[in-house]
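A.B. asks: for reference, the sequence and a predicted model appear below.
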Amino acid sequence: MGWVMKTEEGAILCRGSSNRSHVCSALMAEALPMRDALKRAKDLNLRSLQIFWDCQVLISALCV
């Protein structure tokens, strides 16, 4: 699973990927890269984010 962070102008700020075996569910497989991306955003002191993810179940769980 991979992720990309872009500036408002569309320039790539950073990118990353995760490769984990034996995750307990498909939802966990989606959640782990998002956690990695959010940690990176925190490390970069980003104060505002727009998140685009293709797993509606994960987004719904996070936006409760």
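C.D. replies: Alright, I've got the coordinates.
A.B. asks: next one: the helix or strand where Lys39 lies to chain centre, how far?
C.D. replies: Per DSSP states H and E: Lys39 is located in helix 26-43. Between the centre of helix 26-43 and the centre of its chain there are 4 Å (C-alpha atoms, centre = their mean, to the nearest Å).
A.B. asks: then stretch 5-25?
C.D. replies: 6 Å.
A.B. asks: quick check: mean pLDDT of it?
C.D. replies: For stretch 5-25, mean pLDDT rounds to 87.
A.B. asks: ends of that stretch, how far apart?
C.D. replies: With C-alpha to C-alpha, to the nearest Å applied, stretch 5-25 spans 25 Å between its terminal residues.
A.B. asks: can you give the contact residues for that stretch?
C.D. replies: 1-4, 29, 32-33, 36-37, 40-41, 44, 46 (C-beta atoms under 8 Å, 6 or more residues apart in numbering). Just so you know, the C-beta spots here come from the backbone N, C-alpha and C atoms, and that holds for glycine as well.
A.B. asks: list buried residues within those.
C.D. replies: Met1, Trp3, Pro33, Asp36, Ala37, Arg40, Ala41 (16 or more other C-beta atoms under 10 Å).
A.B. asks: and the residue nearest to the last one when sequence neighbours are not counted, helix, strand or coil?
C.D. replies: When you say that, I think you mean Ala41. If the residues on either side of it in the chain are set aside, Ala41 comes closest to Leu49, at 5.9 Å by C-beta to C-beta, 6 or more residues apart in numbering. Judged by DSSP: H, G, I helix; E, B strand; the rest coil, the three-state class of Leu49 is coil.
A.B. asks: find the helix or strand that Cys14 is a member of.
C.D. replies: Here Cys14 is assigned to strand 12-17, by DSSP H and E.
A.B. asks: parallel or antiparallel, which strands does that strand pair with?
C.D. replies: If you go by DSSP bridges, strand 12-17 pairs up with strand 2-6 (antiparallel).
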